[in-house]
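*Asks:* structural data only, the sequence is not supplied:
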(Lines give C-alpha, C1' and ligand atoms only; values in the text may rest on other atoms or scores of the structure.)
Protein backbone atom coordinates (compact mmCIF):
# COMPACT_ATOMS: atom_id res chain seq x y z
CA UNK A 1 0.00 0.00 0.00
CA UNK A 2 1.48 3.35 -1.02
CA UNK A 3 2.00 5.92 1.72
CA UNK A 4 1.12 8.60 -0.81
CA UNK A 5 -2.38 9.92 -0.05
CA UNK A 6 -4.05 11.33 -3.16
CA UNK A 7 -5.35 14.87 -2.83
CA UNK A 8 -9.13 15.13 -2.56
CA UNK A 9 -10.83 15.62 -5.92
CA UNK A 10 -11.36 19.26 -6.84
CA UNK A 11 -15.03 20.19 -7.13
CA UNK A 12 -15.37 22.17 -10.36
CA UNK A 13 -17.23 25.49 -10.14
CA UNK A 14 -19.80 25.54 -12.98
CA UNK A 15 -19.39 29.33 -13.27
CA UNK A 16 -15.74 28.90 -14.25
CA UNK A 17 -13.78 32.14 -14.28
CA UNK A 18 -10.09 32.88 -14.73
CA UNK A 19 -8.38 29.46 -14.64
CA UNK A 20 -4.75 30.33 -13.97
CA UNK A 21 -4.60 30.41 -10.15
CA UNK A 22 -6.55 27.14 -9.90
CA UNK A 23 -4.37 25.54 -12.59
CA UNK A 24 -1.20 26.48 -10.68
CA UNK A 25 -2.60 25.10 -7.44
CA UNK A 26 -3.64 21.79 -9.00
CA UNK A 27 -0.49 21.46 -11.14
CA UNK A 28 1.67 21.85 -8.01
CA UNK A 29 0.17 18.55 -6.76
CA UNK A 30 0.95 16.67 -9.97
CA UNK A 31 0.30 16.52 -13.72
CA UNK A 32 -3.15 14.91 -13.31
CA UNK A 33 -5.92 15.93 -10.90
CA UNK A 34 -9.12 14.20 -9.88
CA UNK A 35 -12.13 16.47 -10.27
CA UNK A 36 -15.86 16.34 -9.63
CA UNK A 37 -17.83 17.83 -12.52
CA UNK A 38 -21.19 19.60 -12.15
CA UNK A 39 -23.81 16.98 -11.39
CA UNK A 40 -21.40 15.11 -9.10
CA UNK A 41 -19.66 13.23 -11.93
CA UNK A 42 -16.12 12.07 -11.07
CA UNK A 43 -13.55 12.83 -13.75
CA UNK A 44 -9.90 13.79 -14.22
CA UNK A 45 -8.04 16.68 -15.83
CA UNK A 46 -4.53 16.44 -17.32
CA UNK A 47 -2.62 19.63 -16.42
CA UNK A 48 1.09 19.11 -17.12
CA UNK A 49 2.48 19.79 -20.62
CA UNK A 50 4.35 16.48 -21.01
CA UNK A 51 1.50 14.45 -19.52
CA UNK A 52 -1.05 16.17 -21.75
CA UNK A 53 1.07 15.66 -24.87
CA UNK A 54 1.39 11.95 -24.04
CA UNK A 55 -2.32 11.63 -23.20
CA UNK A 56 -3.60 13.36 -26.35
CA UNK A 57 -1.75 10.99 -28.66
CA UNK A 58 -1.90 7.84 -26.51
CA UNK A 59 -3.09 4.72 -28.39
CA UNK A 60 -5.11 3.61 -25.34
CA UNK A 61 -7.20 6.79 -25.15
CA UNK A 62 -10.48 7.01 -27.06
CA UNK A 63 -12.94 9.76 -28.02
CA UNK A 64 -15.99 7.52 -28.49
CA UNK A 65 -18.24 7.63 -25.40
CA UNK A 66 -18.90 3.89 -25.71
CA UNK A 67 -15.66 3.62 -23.71
CA UNK A 68 -17.22 5.41 -20.70
CA UNK A 69 -19.46 2.99 -18.77
CA UNK A 70 -21.00 5.73 -16.59
CA UNK A 71 -22.41 7.44 -19.69
CA UNK A 72 -24.07 4.23 -20.85
CA UNK A 73 -25.26 2.36 -17.76
CA UNK A 74 -27.51 5.03 -16.24
CA UNK A 75 -24.94 6.26 -13.69
CA UNK A 76 -24.85 9.66 -15.43
CA UNK A 77 -28.39 10.92 -16.12
CA UNK A 78 -29.51 11.48 -19.73
CA UNK A 79 -30.00 15.24 -19.16
CA UNK A 80 -26.47 15.84 -17.81
CA UNK A 81 -25.47 19.14 -19.53
CA UNK A 82 -21.93 18.01 -20.41
CA UNK A 83 -23.32 14.97 -22.22
CA UNK A 84 -23.43 17.15 -25.36
CA UNK A 85 -19.66 16.67 -25.63
CA UNK A 86 -20.04 12.89 -25.56
CA UNK A 87 -23.20 12.49 -27.62
CA UNK A 88 -22.40 14.66 -30.65
CA UNK A 89 -21.59 12.64 -33.75
CA UNK A 90 -18.59 13.80 -35.74
CA UNK A 91 -14.87 13.40 -36.12
CA UNK A 92 -14.31 14.87 -32.62
CA UNK A 93 -16.11 11.89 -31.02
CA UNK A 94 -14.85 9.20 -33.41
CA UNK A 95 -11.84 6.91 -33.35
CA UNK A 96 -9.83 4.94 -35.89
CA UNK A 97 -11.31 4.42 -39.35
CA UNK A 98 -14.48 6.36 -38.52
CA UNK A 99 -12.40 9.35 -37.48
CA UNK A 100 -10.22 9.16 -40.61
CA UNK A 101 -13.31 8.96 -42.86
CA UNK A 102 -14.99 11.98 -41.26
CA UNK A 103 -11.83 14.05 -41.06
CA UNK A 104 -10.96 13.40 -44.70
CA UNK A 105 -14.29 14.92 -45.77
CA UNK A 106 -13.49 18.31 -44.24
CA UNK A 107 -9.70 18.20 -44.20
CA UNK A 108 -9.30 19.43 -47.79
CA UNK A 109 -11.14 22.66 -46.99
CA UNK A 110 -8.62 23.55 -44.26
CA UNK A 111 -5.23 22.84 -45.81
CA UNK A 112 -2.81 25.76 -45.59
CA UNK A 113 -3.14 26.26 -49.35
CA UNK A 114 -6.95 26.28 -49.33
CA UNK A 115 -7.04 28.59 -46.32
CA UNK A 116 -4.61 31.00 -47.99
CA UNK A 117 -7.21 31.47 -50.74
CA UNK A 118 -9.47 33.01 -48.07
CA UNK A 119 -6.94 35.75 -47.23
CA UNK A 120 -8.45 38.48 -49.47
CA UNK A 121 -11.94 37.85 -48.07
CA UNK A 122 -10.67 37.85 -44.47
CA UNK A 123 -8.83 41.12 -45.13
CA UNK A 124 -11.97 42.65 -46.65
CA UNK A 125 -14.15 41.56 -43.71
CA UNK A 126 -11.54 42.85 -41.26
CA UNK A 127 -11.49 46.30 -42.89
CA UNK A 128 -15.30 46.52 -42.84
CA UNK A 129 -15.50 45.44 -39.20
CA UNK A 130 -12.83 47.94 -38.14
CA UNK A 131 -15.02 50.62 -39.76
CA UNK A 132 -17.95 49.32 -37.67
CA UNK A 133 -15.83 49.35 -34.51
CA UNK A 134 -14.73 52.94 -35.14
CA UNK A 135 -18.33 54.02 -35.82
CA UNK A 136 -19.61 52.35 -32.65
CA UNK A 137 -16.99 54.18 -30.60
CA UNK A 138 -17.75 57.50 -32.33
CA UNK A 139 -21.44 57.12 -31.45
CA UNK A 140 -20.71 56.39 -27.78
CA UNK A 141 -20.48 59.44 -25.48
CA UNK A 142 -17.36 57.97 -23.84
CA UNK A 143 -15.81 56.83 -27.13
CA UNK A 144 -15.99 53.18 -26.02
CA UNK A 145 -16.93 50.13 -28.11
CA UNK A 146 -17.07 46.41 -27.29
CA UNK A 147 -14.37 44.77 -29.37
CA UNK A 148 -15.95 41.31 -29.02
CA UNK A 149 -19.34 42.38 -30.34
CA UNK A 150 -18.08 44.54 -33.20
CA UNK A 151 -14.92 42.73 -34.28
CA UNK A 152 -13.66 39.56 -32.56
CA UNK A 153 -16.99 37.71 -32.93
CA UNK A 154 -18.28 38.74 -36.38
CA UNK A 155 -14.93 38.13 -38.13
CA UNK A 156 -14.56 34.36 -37.53
CA UNK A 157 -18.36 33.90 -37.49
CA UNK A 158 -18.66 35.45 -40.96
CA UNK A 159 -15.75 33.42 -42.34
CA UNK A 160 -16.96 30.03 -41.06
CA UNK A 161 -20.58 30.75 -42.06
CA UNK A 162 -19.50 31.71 -45.58
CA UNK A 163 -17.42 28.52 -45.76
CA UNK A 164 -20.43 26.46 -44.61
CA UNK A 165 -22.97 28.32 -46.75
CA UNK A 166 -24.96 29.69 -43.79
CA UNK A 167 -27.19 32.64 -44.65
CA UNK A 168 -26.49 35.83 -42.63
CA UNK A 169 -29.92 35.88 -40.93
CA UNK A 170 -29.05 32.71 -38.95
CA UNK A 171 -25.68 33.83 -37.61
CA UNK A 172 -26.71 35.71 -34.47
CA UNK A 173 -28.93 32.86 -33.26
CA UNK A 174 -26.28 30.24 -34.07
CA UNK A 175 -23.76 32.06 -31.87
CA UNK A 176 -26.23 32.30 -28.96
CA UNK A 177 -27.05 28.60 -29.23
CA UNK A 178 -23.46 27.38 -29.56
CA UNK A 179 -22.44 29.53 -26.57
CA UNK A 180 -25.18 27.92 -24.46
CA UNK A 181 -24.40 24.39 -25.63
CA UNK A 182 -20.61 24.41 -25.66
CA UNK A 183 -19.14 27.33 -23.72
CA UNK A 184 -21.40 28.24 -20.78
CA UNK A 185 -21.08 25.62 -18.04
CA UNK A 186 -23.40 27.23 -15.47
CA UNK A 187 -26.51 26.27 -17.46
CA UNK A 188 -29.33 24.01 -16.30
CA UNK A 189 -29.99 20.64 -17.97
CA UNK A 190 -33.26 22.02 -19.38
CA UNK A 191 -31.52 25.05 -20.94
CA UNK A 192 -28.88 22.88 -22.59
CA UNK A 193 -31.38 20.31 -23.89
CA UNK A 194 -33.57 23.05 -25.37
CA UNK A 195 -30.56 24.76 -27.00
CA UNK A 196 -29.27 21.45 -28.44
CA UNK A 197 -32.71 20.71 -29.92
CA UNK A 198 -32.96 24.17 -31.49
CA UNK A 199 -29.37 24.03 -32.77
CA UNK A 200 -29.88 20.62 -34.41
CA UNK A 201 -33.14 21.86 -35.95
CA UNK A 202 -31.52 25.04 -37.27
CA UNK A 203 -28.55 23.15 -38.74
CA UNK A 204 -31.04 20.75 -40.35
CA UNK A 205 -32.79 23.75 -41.93
CA UNK A 206 -29.45 25.06 -43.25
CA UNK A 207 -28.53 21.62 -44.62
CA UNK A 208 -31.95 21.33 -46.31
CA UNK A 209 -31.45 24.73 -47.97
CA UNK A 210 -28.06 23.62 -49.33
CA UNK A 211 -29.52 20.30 -50.45
CA UNK A 212 -32.21 22.15 -52.39
CA UNK A 213 -29.79 24.72 -53.81
CA UNK A 214 -26.19 23.45 -53.60
CA UNK A 215 -23.47 26.09 -53.63
CA UNK A 216 -19.70 26.34 -53.57
CA UNK A 217 -19.60 25.72 -49.82
CA UNK A 218 -18.54 23.04 -47.36
CA UNK A 219 -22.08 21.96 -46.40
CA UNK A 220 -22.96 21.32 -50.05
CA UNK A 221 -19.70 19.38 -50.46
CA UNK A 222 -20.43 17.25 -47.38
CA UNK A 223 -23.92 16.45 -48.66
CA UNK A 224 -22.58 15.57 -52.11
CA UNK A 225 -19.85 13.35 -50.65
CA UNK A 226 -22.45 11.51 -48.61
CA UNK A 227 -24.80 10.96 -51.54
CA UNK A 228 -22.08 9.87 -53.98
CA UNK A 229 -20.57 7.42 -51.51
CA UNK A 230 -23.85 5.98 -50.31
CA UNK A 231 -23.08 5.54 -46.63
CA UNK A 232 -20.39 8.17 -46.33
CA UNK A 233 -22.12 10.53 -43.90
CA UNK A 234 -25.29 9.86 -41.91
CA UNK A 235 -27.68 12.75 -41.19
CA UNK A 236 -26.46 12.78 -37.56
CA UNK A 237 -22.82 12.89 -38.74
CA UNK A 238 -23.63 15.69 -41.20
CA UNK A 239 -25.27 17.79 -38.48
CA UNK A 240 -22.53 16.87 -35.99
CA UNK A 241 -19.81 17.87 -38.46
CA UNK A 242 -21.56 21.18 -39.24
CA UNK A 243 -21.92 21.86 -35.51
CA UNK A 244 -18.25 21.11 -34.87
CA UNK A 245 -17.12 23.34 -37.76
CA UNK A 246 -19.38 26.15 -36.60
CA UNK A 247 -18.39 26.04 -32.93
CA UNK A 248 -14.68 25.37 -33.39
CA UNK A 249 -14.62 27.82 -36.30
CA UNK A 250 -15.75 30.85 -34.34
CA UNK A 251 -15.93 30.46 -30.53
CA UNK A 252 -12.23 29.61 -30.20
CA UNK A 253 -10.99 32.31 -32.61
CA UNK A 254 -13.25 34.86 -30.90
CA UNK A 255 -11.52 34.04 -27.60
CA UNK A 256 -8.06 33.95 -29.20
CA UNK A 257 -8.42 37.46 -30.69
CA UNK A 258 -9.94 38.80 -27.45
CA UNK A 259 -7.20 37.29 -25.28
CA UNK A 260 -4.43 38.57 -27.57
CA UNK A 261 -5.85 42.12 -27.46
CA UNK A 262 -6.11 41.97 -23.65
CA UNK A 263 -2.55 40.67 -23.41
CA UNK A 264 -1.11 43.37 -25.69
CA UNK A 265 -3.06 46.19 -24.01
CA UNK A 266 -1.77 45.12 -20.58
CA UNK A 267 1.78 44.49 -21.85
CA UNK A 268 2.53 47.62 -23.90
CA UNK A 269 6.23 46.72 -24.04
CA UNK A 270 5.34 43.54 -25.93
CA UNK A 271 3.07 45.45 -28.32
CA UNK A 272 5.95 47.89 -28.94
CA UNK A 273 8.26 44.99 -29.91
CA UNK A 274 5.78 43.90 -32.58
CA UNK A 275 5.13 47.40 -33.89
CA UNK A 276 8.91 47.95 -34.10
CA UNK A 277 9.33 44.70 -36.09
CA UNK A 278 11.21 42.87 -33.33
CA UNK A 279 8.52 40.19 -33.15
CA UNK A 280 5.77 39.09 -35.54
CA UNK A 281 2.00 38.88 -35.24
CA UNK A 282 2.41 35.10 -35.53
CA UNK A 283 4.58 35.26 -32.40
CA UNK A 284 1.73 37.11 -30.65
CA UNK A 285 -0.76 34.43 -31.69
CA UNK A 286 1.44 31.56 -30.46
CA UNK A 287 2.31 33.25 -27.17
CA UNK A 288 -1.37 34.01 -26.56
CA UNK A 289 -2.27 30.39 -27.34
CA UNK A 290 0.32 29.29 -24.78
CA UNK A 291 -0.17 31.96 -22.09
CA UNK A 292 -3.94 32.45 -22.18
CA UNK A 293 -5.41 29.92 -24.61
CA UNK A 294 -9.04 30.20 -25.78
CA UNK A 295 -10.01 26.79 -24.37
CA UNK A 296 -9.32 25.90 -20.76
CA UNK A 297 -10.42 22.34 -19.84
CA UNK A 298 -11.88 20.52 -22.82
CA UNK A 299 -14.06 17.38 -22.50
CA UNK A 300 -13.78 14.37 -23.12
CA UNK A 301 -11.44 11.48 -23.75
CA UNK A 302 -11.60 8.03 -22.12
CA UNK A 303 -8.76 5.62 -21.29
CA UNK A 304 -9.53 2.19 -22.73
CA UNK A 305 -7.47 0.60 -19.93
CA UNK A 306 -6.09 1.85 -16.60
CA UNK A 307 -3.58 4.48 -17.70
CA UNK A 308 -0.58 5.77 -15.75
CA UNK A 309 0.48 9.37 -16.36
CA UNK A 310 3.29 10.55 -14.11
CA UNK A 311 2.57 8.69 -10.86
CA UNK A 312 -1.21 8.90 -11.28
CA UNK A 313 -3.39 6.06 -12.51
CA UNK A 314 -6.48 7.15 -14.45
CA UNK A 315 -8.95 4.24 -14.27
CA UNK A 316 -10.32 2.79 -17.50
CA UNK A 317 -13.47 4.59 -18.69
CA UNK A 318 -12.91 7.80 -16.69
CA UNK A 319 -14.09 10.96 -18.49
CA UNK A 320 -10.93 13.05 -18.85
CA UNK A 321 -10.57 16.75 -19.69
CA UNK A 322 -7.57 18.20 -21.51
CA UNK A 323 -6.20 21.09 -19.44
CA UNK A 324 -4.88 23.33 -22.21
CA UNK A 325 -4.55 26.55 -20.17
CA UNK A 326 -2.78 24.60 -17.41
CA UNK A 327 -0.26 22.97 -19.75
CA UNK A 328 0.47 26.36 -21.34
CA UNK A 329 1.89 27.71 -18.07
CA UNK A 330 3.64 24.55 -16.93
CA UNK A 331 7.01 25.75 -15.56
CA UNK A 332 8.48 22.27 -15.93
CA UNK A 333 8.19 22.66 -19.70
CA UNK A 334 8.05 26.42 -20.44
CA UNK A 335 10.54 27.50 -17.76
CA UNK A 336 10.33 29.40 -14.47
CA UNK A 337 8.84 32.49 -16.20
CA UNK A 338 5.96 30.53 -17.78
CA UNK A 339 3.50 33.00 -16.17
CA UNK A 340 5.02 35.89 -18.15
CA UNK A 341 3.63 37.04 -21.51
CA UNK A 342 6.68 37.27 -23.79
CA UNK A 343 6.25 37.44 -27.57
CA UNK A 344 9.97 36.73 -28.08
CA UNK A 345 9.83 33.51 -26.03
CA UNK A 346 11.72 30.70 -27.78
CA UNK A 347 9.58 27.59 -28.06
CA UNK A 348 6.22 29.32 -27.48
CA UNK A 349 4.91 27.57 -30.59
CA UNK A 350 5.32 24.21 -28.83
CA UNK A 351 2.06 24.82 -26.94
CA UNK A 352 -0.71 22.23 -27.17
CA UNK A 353 -3.66 24.59 -27.69
CA UNK A 354 -4.49 23.06 -31.07
CA UNK A 355 -4.18 19.56 -29.62
CA UNK A 356 -1.77 16.79 -30.55
CA UNK A 357 -1.88 13.60 -32.57
CA UNK A 358 -4.64 12.49 -34.94
CA UNK A 359 -7.19 14.91 -33.42
CA UNK A 360 -4.95 17.97 -33.95
CA UNK A 361 -7.24 20.90 -34.81
CA UNK A 362 -8.10 20.69 -38.50
CA UNK A 363 -8.90 24.42 -38.50
CA UNK A 364 -5.56 25.56 -37.04
CA UNK A 365 -4.33 27.21 -40.30
CA UNK A 366 -7.60 29.18 -40.57
CA UNK A 367 -7.51 30.30 -36.92
CA UNK A 368 -3.90 31.47 -37.30
CA UNK A 369 -4.66 33.38 -40.50
CA UNK A 370 -7.74 35.10 -39.05
CA UNK A 371 -6.01 36.04 -35.80
CA UNK A 372 -2.81 37.38 -37.41
CA UNK A 373 -4.74 39.50 -39.94
CA UNK A 374 -7.17 40.72 -37.26
CA UNK A 375 -4.44 41.79 -34.81
CA UNK A 376 -2.17 43.38 -37.40
CA UNK A 377 -4.98 45.44 -38.97
CA UNK A 378 -6.49 46.39 -35.59
CA UNK A 379 -3.28 47.79 -34.08
CA UNK A 380 -2.15 49.36 -37.37
CA UNK A 381 -5.45 51.19 -37.63
CA UNK A 382 -5.76 52.00 -33.90
CA UNK A 383 -2.21 51.97 -32.41
CA UNK A 384 -3.44 53.74 -29.24
CA UNK A 385 -6.14 51.13 -28.63
CA UNK A 386 -6.48 50.33 -24.93
CA UNK A 387 -8.89 48.72 -22.52
CA UNK A 388 -11.68 51.01 -21.33
CA UNK A 389 -11.93 49.20 -17.98
CA UNK A 390 -9.35 47.64 -15.65
CA UNK A 391 -8.49 44.18 -16.95
CA UNK A 392 -9.32 42.54 -13.60
CA UNK A 393 -12.85 43.97 -13.72
CA UNK A 394 -13.79 42.59 -17.14
CA UNK A 395 -16.61 40.01 -16.86
CA UNK A 396 -15.28 36.47 -17.32
CA UNK A 397 -16.98 33.80 -19.40
CA UNK A 398 -19.17 31.65 -17.14
CA UNK A 399 -17.25 28.57 -18.17
CA UNK A 400 -14.48 26.15 -17.24
CA UNK A 401 -14.30 25.14 -20.92
CA UNK A 402 -14.01 28.50 -22.67
CA UNK A 403 -11.36 30.92 -21.38
CA UNK A 404 -11.95 34.60 -22.07
CA UNK A 405 -14.03 37.60 -21.08
CA UNK A 406 -17.68 38.18 -22.02
CA UNK A 407 -17.13 41.80 -23.04
CA UNK A 408 -14.05 43.76 -24.11
CA UNK A 409 -14.67 47.52 -23.94
CA UNK A 410 -11.89 49.46 -25.69
CA UNK A 411 -10.86 53.01 -26.62
CA UNK A 412 -9.56 55.23 -28.25
CA UNK A 413 -10.66 54.28 -31.70
CA UNK A 414 -9.76 57.29 -33.81
CA UNK A 415 -8.25 56.57 -37.18
CA UNK A 416 -4.57 57.39 -37.64
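*Replies:* Looks like it arrived, so ask away. Here the structure is a predicted model, which is why all the values come from computation and not from measurement.
*Asks:* show me what the nearest residue to residue 308 once chain neighbours are set aside is bridged to.
*Replies:* Among residues not flanking residue 308 along the chain, residue 314 sits closest, at 7.8 Å (Cβ to Cβ, 6 or more residues apart in numbering). Quick note: C-beta positions are derived from backbone N, CA and C, even for glycine. As for beta bridges, residue 314 partners with residue 307 under DSSP bridges.
*Asks:* next up, the contacts around residue 314.
*Replies:* 32, 44, 303, 306, 307, 308, 320 (Cβ atoms under 8 Å, 6 or more residues apart in numbering).
*Asks:* need the residues you listed in JSON lines (columns: neighbour count).
*Replies:* Listed next are these as JSON lines, based on neighbours: other Cβ atoms under 10 Å:
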{"residue": "32", "neighbour count": "26"}
{"residue": "44", "neighbour count": "24"}
{"residue": "303", "neighbour count": "24"}
{"residue": "306", "neighbour count": "12"}
{"residue": "307", "neighbour count": "21"}
{"residue": "308", "neighbour count": "10"}
{"residue": "320", "neighbour count": "25"}
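*Asks:* let's have those in TSV, adding pLDDT.
*Replies:* Listed next are these as TSV, based on pLDDT from 0 to 100:
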residue	pLDDT
32	97
44	98
303	98
306	98
307	97
308	96
320	98
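*Asks:* which pLDDT value goes with the residue nearest to residue 308?
*Replies:* Here the pLDDT value assigned to residue 314 is 97.
*Asks:* other SSEs contacting the host helix or strand of residue 26?
*Replies:* Assigned by DSSP states H and E, residue 26 belongs to helix 20-27. Here helix 20-27 touches helix 324-328, going by 3 or more Cβ pairs under 8 Å, 6 or more residues apart in numbering; DSSP states H and E.
*Asks:* which residues touch the helix it packs on?
*Replies:* Contacts for helix 324-328 (Cβ under 8 Å, 6+ apart): 19-20, 23, 26-27, 45-49, 52-53, 289-293, 295-298, 333-334, 338, 351-353, 403.
*Asks:* just the ones of those residues in strands?
*Replies:* 45, 46, 297, 298 (DSSP state E).
*Asks:* most neighbours of all those residues, which one?
*Replies:* Most neighbours among these, by other Cβ atoms under 10 Å: residue 46, with 30 neighbours.
*Asks:* would you reformat the ones in strands among the contacts of helix 324-328 as a markdown table and include pLDDT?
*Replies:* Below are the ones in strands among the contacts of helix 324-328 laid out as a markdown table (pLDDT from 0 to 100):
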| residue | pLDDT |
| --- | --- |
| 45 | 98 |
| 46 | 98 |
| 297 | 98 |
| 298 | 97 |
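*Asks:* please identify the helix or strand for residue 301.
*Replies:* strand 297-303.
*Asks:* can you list contacts of that strand?
*Replies:* With Cβ under 8 Å, 6+ apart, strand 297-303 has contacts from 19, 43, 45, 55-56, 58, 60-65, 67-68, 82, 85-86, 314-326, 400-401.
*Asks:* what distance do you get for the residue nearest to residue 308 to residue 45?
*Replies:* 10 Å (Cβ to Cβ, to the nearest Å).
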